[in-house]
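S.K.: Kindly return the folded structure for what I paste below:
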Amino acid sequence: MDKVVERFRATGVRPDDVESHLRDAGDRLYAAATSDDDRCADEFGGPRAVALLAAEISALMSHLVARAASIRSVCVEAMLEEFSAVTVAGAIGVARQKVYELAKPEADKDYLDHSPWRME
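M.R.: All right, here's what the predicted structure looks like:
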């Protein structure tokens, strides 16, 4: 963890900067990157800082995708109690064989309780 913190410090990225970019899911970084401005990263601390911020956004999004997959797995399991694998597969748009791989009796509990942009 110390190495990660040091990488951010070396680029001048503060914790509140990271939080800000996680909250907008990278919208400002994406707008800058697609702006045709050769120096688009300068506003955010330069290319190295933006690469680090983008990696954090990617890690969060990967986490949320895995969380959504866990939710889906529980629902697939529940659907299989009532419907055939063929019916479930058609309902969720996957191959019949995949249904059994997806089904899990309970959601993983190792995920964030809420997304960073949800207001409490």
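
S.K.: gap between Met79 and Arg72?
M.R.: Between Met79 and Arg72 the computed distance is 10 Å (C-beta to C-beta, to the nearest Å). (C-beta placed from N, C-alpha, C; glycine too.)

S.K.: so what's Ala107 up against?
M.R.: If a contact means C-beta atoms under 8 Å, 6 or more residues apart in numbering, then Ala107 has 70-71, 73-74 as its contacts.

S.K.: And Leu64, how close does it get to Tyr30?
M.R.: Taken as C-beta to C-beta, the spacing of Leu64 relative to Tyr30 amounts to 17 Å.

S.K.: Kindly report the same for Leu102.
M.R.: For Leu102, the distance to Tyr30 equals 31 Å [C-beta to C-beta].

S.K.: same check, this time on Asp17
M.R.: From Asp17 to Tyr30 the distance is 16 Å (C-beta to C-beta).

S.K.: biggest helix in this structure by residues?
M.R.: Counting residues, the longest helix in the chain under DSSP state H turns out to be helix 47-80.

S.K.: that older thread, possible to save the contacts of Ala107 as CSV with neighbour count and distance to His114?
M.R.: Compiled in CSV, the contacts of Ala107 are given as follows (neighbours: other C-beta atoms under 10 Å; distance: C-beta to C-beta, whole Å):
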residue, neighbour count, distance to His114
Ser70, 16, 15
Ile71, 13, 13
Ser73, 18, 20
Val74, 16, 18
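
S.K.: nearest to Leu60, of these?
M.R.: Leu60 lies nearest to Ser70 out of these, by C-beta to C-beta, at 15.6 Å.

S.K.: Verify the stated contact: the closest one with Leu112.
M.R.: No - counting by C-beta atoms under 8 Å, Ser70 sits too far from Leu112 to count as a contact (11.6 Å).

S.K.: Tell me who's in contact with Ser115.
M.R.: Residues in contact with Ser115 (C-beta under 8 Å, 6+ apart) are Leu64.
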